[in-house]
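Peer 1: Based on what follows, work out the 3D shape:
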Amino acid sequence: MAKGLIWATAEDMARNRGRVLTMYRQLLRSLNSPELPLTWAARLAKKAEVRAIFIVASEERSLHNIADLIDVGEYSLSLLRKGEIPKHIQ
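Peer 2: You can find the predicted model right below:
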């Protein structure tokens, strides 16, 4: 799985890159869903929040924190697909 014990190596980061970029795109697309009760301005604000979260998270080097961030992203994506807004980005 991971080459580093605690801190992510360059190989670990490269392995997660495609998964993270796909999740980022899916989150941004999901915010455009007509099922969400958001105005146009609110959608833009939520997209800005997602971008900010991914920018800050891109500096993370702990394997456990990276795994947690991916889990949170997948959970948020599942809620958005159901038409719900996750609490941590409300």
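Peer 1: Contact partners for the residue positioned nearest the centre of the chain?
Peer 2: Nearest to the geometric centre of the chain sits residue 73, at 3.9 Å (Cα atoms, centre = their mean). With contact set as Cβ atoms under 8 Å, 6 or more residues apart in numbering, residue 73 has these partners: 20, 23, 27. The way it works is simple: take the backbone N, C-alpha and C, and place the C-beta from them, glycine included.
Peer 1: For those, pick the one with the most neighbours.
Peer 2: residue 27 (22 neighbours; other Cβ atoms under 10 Å).
Peer 1: And that one, which helix or strand is it part of?
Peer 2: helix 10-30 (DSSP states H and E).
Peer 1: Distance from the chain centre to whichever helix or strand comes after that helix, please.
Peer 2: Note on helix 10-30: by DSSP H and E, the next helix or strand toward the C-terminus is helix 40-57. Distance, stretch centre to chain centre, for helix 40-57: 10 Å (Cα atoms, centre = their mean, to the nearest Å).
Peer 1: quick one on the thing from earlier: next, the buried residues of the helix or strand harbouring the residue nearest to the centre of the chain.
Peer 2: Assigned by DSSP H and E, residue 73 falls within helix 63-81. Neighbour-count burial for helix 63-81, with 16 or more other Cβ atoms under 10 Å as criterion, is recorded at 63, 66, 69, 73, 76-77, 80.
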